[in-house]
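Peer 1: my questions are about this predicted structure, shown below with the sequence.
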Amino acid sequence: MDKAVIFDWGGVLVRTTDYSSRHAWDHHLGLPSGAVESIVHGIPAWEEAQRGMITPEAYWEAVRESLGLDSEALVTLREDFYMGDRLDETLAELIVDLRGRGVLIGLLSNNTLDLYDTLAAFELEPLFDAVVISAGIGLMKPDPAAYQAVLEQLGVAPQQAVLVDDFPTNVDGARAVGMEAVLFTPDLDLVSVLDRWLSA
């Protein structure tokens with residue numbers, strides 16, 4: 001019976017390890033530390049973009065207006081904001097190992113359509129048997145239909161899949177539809193956790 005491991009993107013496969021570029025924007029704009037990040041990922045347009053209700057460009061225009069930037073400054077902010085993000089190479093190697101063992105690999109992320117470009121930039125598309133981004137289906141975790149979408153693409157039943165996610169609500173949502181789920185933290189021994197699940 002096929003088994004599948006489904007990964008979240010932000011906070012799992014890719015994590016922000018250096019916040020200096022974001023804090024530099026706080027200082028530049030005369031805002032408290034963390035204010036720019038709160039706006040970029042806190043304005044209503046962020047969820048709208050993740051649901052596919054607006055384009056990534058419209059979302060960033062809303063960010064520009066919220067911060068009072070001109071168009072040129074917005075281009076620089078977009079380049080700087082994710083500068084401190086790093087791919088977890090250990091998890092990438094784990095995916096390669098799992099695929100070599102015949103395990104199906106999925107990606108299920110609450111994100112904007114920009115994530116497709118990001119995956120291409122990291123050259124990660126070949127690692128996944130299915131990629132489901134909330135903006136592409138108009139649904140976000142923990143909506144049960146979001147989990148069903150990636151399960152259908154992988155061709156597996158909920159009991160054959162495990163989700164690795166860093167948000168407790170998303171983990172609970174996966175379990176509610178019959179999947180196994182792992183709450184990810186950077187210090188988690190995910191290899192051992194998945195080995196136990198695969199051998200069960």
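Peer 2: On my side now, so go ahead. Residues are numbered from 1 along each chain as shown.

Peer 1: could you use CA atoms for every contact and neighbour count after this?
Peer 2: Fine.

Peer 1: now do whichever strand or helix holds Leu74: everything it contacts.
Peer 2: Assigned by DSSP states H and E, Leu74 belongs to helix 71-81. Helix 71-81 is contacted from outside by Ser21, Arg22, Trp25, Trp60, Arg64, using Cα atoms under 8 Å, 6 or more residues apart in numbering.

Peer 1: among these, which lie within helices?
Peer 2: With DSSP state H as the criterion, helices contain Ser21, Arg22, Trp25, Trp60, Arg64 from among these.

Peer 1: mind listing what Gly34 touches?
Peer 2: Shown in contact with Gly34 (Cα under 8 Å, 6+ apart): Arg22, His23, Asp26.

Peer 1: nearest to Leu154, of those residues?
Peer 2: Arg22 (36.7 Å; Cα to Cα).

Peer 1: gap between that closest one and Val177?
Peer 2: 37 Å (Cα to Cα, to the nearest Å).

Peer 1: now swap in Pro126 and tell me
Peer 2: According to Cα to Cα, Pro126 and Val177 sit 27 Å apart.

Peer 1: please apply the same query to Ala130.
Peer 2: In terms of Cα to Cα, Ala130 sits 18 Å off from Val177.

Peer 1: one more: Lys141?
Peer 2: On the measure of Cα to Cα, Lys141 and Val177 end up 12 Å apart.

Peer 1: higher neighbour count, these two?
Peer 2: For the pair Lys141 and Val177, the greater number of neighbours falls to Lys141 (20 against 17), based on other Cα atoms under 10 Å.

Peer 1: distance of that one relative to Asp187?
Peer 2: Distance from Lys141 to Asp187, by Cα to Cα: 24 Å.

Peer 1: could you do Trp9 as well?
Peer 2: In terms of Cα to Cα, Trp9 sits 17 Å off from Asp187.

Peer 1: low-confidence ranges in the chain?
Peer 2: For the chain, applying pLDDT under 70 flags the ranges 1.
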